[in-house]
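S.K.: Sequence and predicted structure, then a few things I'm wondering about:
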Amino acid sequence: MNAPSSSEQSAHFLSLLKKFHTAMLVTHTGAHGFHARPMAIARVEDDGRLWFITSAETAKVHEIEMDSQVHLIAQDGDSAFLSLSGRATLVGDREKIANLWQESFRVWFPKGQDDPDIELIAVRPERGEFWDNTGANRCKYLWEAAKAYVTGTTPNADDGDLHGKVRL
């Protein structure tokens with residue numbers, strides 16, 4: 001079987017990315033290292049750009065102002081995992097906020113989409129990595145795991161559908 005092309009792996013990565021509802025956003029804090037926090041994903045664009053809604057006066061906003069390089073990590077139980085690095089930008093566009101608004105965001109913003117404290121974070125991915133054990137890939141992984149167990153080796157999870165690294 002032929003290994004998937006880089007464009008096929010990128011498409012698979014983006015397809016998997018769109019299935020996640022939350023991700024851990026990791027920012028650089030300067031001298032103190034890194035800070036990670038869960039964030040609801042407002043939208044994933046077709047080019048992979050992710051949108052998050054936050055308050056303007058938060059640590060993550062100030063950290064992005066100092067260093068726009070961020071990392072995102074997402075996990076769906078024990079079946080799908082994704083990691084991506086990219087650049088974050090802060091966006092205060094009220095029209096874009098209205099376009100991305102979901103009623104569930106009212107939990108954090110009781111004033112709704114017109115809350116003047118709302119700021120958007122747009123992350124443009126540069127590199128990504130995925131581990132996908134969903135659907136038919138789950139059967140493929142279980143086969144590899146069983147084969148490894150019987151032979152006393154480790155499973156081959158570097159199949160282009162199960163695991164891949166992409167440049168975006």
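M.R.: Noted; the coordinates are in hand. Numbering: from 1, shown residues only.
S.K.: Next, find the distance separating the most centrally placed residue in the chain from His28.
M.R.: Centroid-nearest residue in the chain: Leu72, 4.8 Å away (criterion: CA atoms, centre = their mean). The gap separating Leu72 from His28 is 13 Å, by CB to CB, to the nearest Å. C-beta coordinates here come from the backbone N, C-alpha and C atoms, glycine included.
S.K.: before we move on, what about Phe130?
M.R.: Note on Phe130: its distance to His28, by CB to CB, is 23 Å.
S.K.: cool, and Phe109?
M.R.: In terms of CB to CB, Phe109 sits 26 Å off from His28.
S.K.: Likewise for Thr89?
M.R.: 15 Å.
S.K.: who has more neighbours, these two?
M.R.: His28 (16 against 12; other CB atoms under 10 Å).
S.K.: what bridges to the more buried one?
M.R.: When bridges are called by DSSP bridges, His28 pairs up with Phe34.
S.K.: mind checking how far stretch 148-157 is from the chain centre?
M.R.: Distance of stretch 148-157 from its chain centroid, counting by CA atoms, centre = their mean, to the nearest Å, is 29 Å.
S.K.: I'd assumed Gly48 was in contact with Leu14.
M.R.: Yes. Using CB atoms under 8 Å, Leu14 makes contact with Gly48 at a distance of 5.3 Å.
S.K.: Pull up the overlap in contacts between the two.
M.R.: Here Leu14 and Gly48 have Leu168 as joint contacts, going by CB atoms under 8 Å, 6 or more residues apart in numbering.
S.K.: Hmm, Asp76 is touching Leu17, no?
M.R.: No. Contact criterion CB under 8 Å: Asp76 and Leu17 do not qualify, at 11.1 Å.
S.K.: quick one: terminal-to-terminal distance for stretch 44-64?
M.R.: Length of stretch 44-64, first residue to last, CA to CA, to the nearest Å: 19 Å.
S.K.: Give me the buried stretch members for that stretch, please.
M.R.: 44, 48, 50-54, 60-61, 63-64 (16 or more other CB atoms under 10 Å).
S.K.: which one of those is nearest Ser10?
M.R.: Gly48 (8.3 Å; CB to CB).
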